[in-house]
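Participant: Sequence and predicted model, in that order:
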Amino acid sequence: MVTIPDGVNVGLSGGVISVKGPKGKAEKSLGPMVSVEVSGREIAISGEKVHVNTVTSLINNMIKGVTEGYKRELKLIYAHFPISIEVKGQDIIIKNFQGEKQNRKARLVGDTKIAVKGQNVTVNGPDKEAVGQTIANMRSAMKINDKDARVFQDGIYEVEG
């Protein structure tokens, strides 16, 4: 049983649960292993215990995301060539990584927003998985190839979150 707080709307349609709140909207497709019913201000979940616990956690994360939001603080670290990040639509453009002339690209996932101030990067949004996947996409785009990663440690690192 999950209680829906005030200011949050939950909808269920065709195995997809959507949660709307003051910070945005989050959707998740639920598998056939559980059945979910929304009645009043409560969500009832039934099925195998393992799946019920997982879906309960997912719904609680969605409710937290649309009420409080998820925020991660990152820092761009470089030795010689200053890295800059620019967002164009759903693309994250990483410029001057290790002095490369060719820009690197990463993908922005869902309703995630990125704010860049110098070396500090803030990633926030209503969906926990989308925020995490956006950060993973940036880290993957900044992967160092053909060099010793113990020596060349340029990249993006988490400060707090």
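Facilitator: Arrived safely, thanks for sending. Residues are numbered from 1 along each chain as shown.
Participant: got a list of contacts for the helix ranked longest in the chain?
Facilitator: Assignment by DSSP state H gives helix 49-67 as the longest helix of the chain. Helix 49-67 has contacts (C-beta atoms under 8 Å, 6 or more residues apart in numbering) with 2, 4-5, 7-8, 17, 19-26, 28, 30-31, 33-34, 36, 43, 45-47, 70, 125-128. Where you see a C-beta, it was placed from the backbone N, CA and C, and this is true even at glycine.
Participant: Strand partners (parallel or antiparallel) of the helix or strand bottoming out on mean pLDDT in the chain?
Facilitator: Sorting the helices and strands of the chain by mean pLDDT, DSSP states H and E puts strand 155-160 at the bottom, at a mean of 88. Strand 155-160 has the following sheet partners, assigned by DSSP bridges: strand 70-77 (antiparallel).
Participant: buried set for the partner strand?
Facilitator: Buried positions in strand 70-77, judged by neighbour count with 16 or more other C-beta atoms under 10 Å: 70, 72, 74, 76.
Participant: tilt between it and helix 49-67?
Facilitator: Orientation check (axes from the mean of the first three to the mean of the last three C-alpha atoms, to 10 degrees): strand 70-77 against helix 49-67 gives 80 degrees.
Participant: can you count the residues close to residue 93?
Facilitator: Neighbourhood size, residue 93 [other C-beta atoms under 10 Å]: 14.
Participant: Show me where this structure has its strands.
Facilitator: Using DSSP state E, the strands of the chain run over residues 2-3, 9-13, 16-21, 24-29, 34-39, 42-47, 70-77, 84-88, 91-95, 104-107, 113-117, 120-125, 155-160.
Participant: quick one, the fourth one and strand 113-117 angle?
Facilitator: Interaxial angle of strand 24-29 relative to strand 113-117 (the same axes, to 10 degrees): 130 degrees.
Participant: for the longest one, same thing?
Facilitator: The directions of strand 70-77 and strand 113-117 differ by 40 degrees, with the same axes, to 10 degrees as the criterion.
Participant: which residues are in contact with strand 70-77?
Facilitator: Counting by C-beta under 8 Å, 6+ apart, residues outside strand 70-77 touching it are 64, 83, 85, 119-128, 131-132, 135, 138, 153-161.
Participant: Quick one: mean pLDDT for it?
Facilitator: Average pLDDT, strand 70-77: 95.
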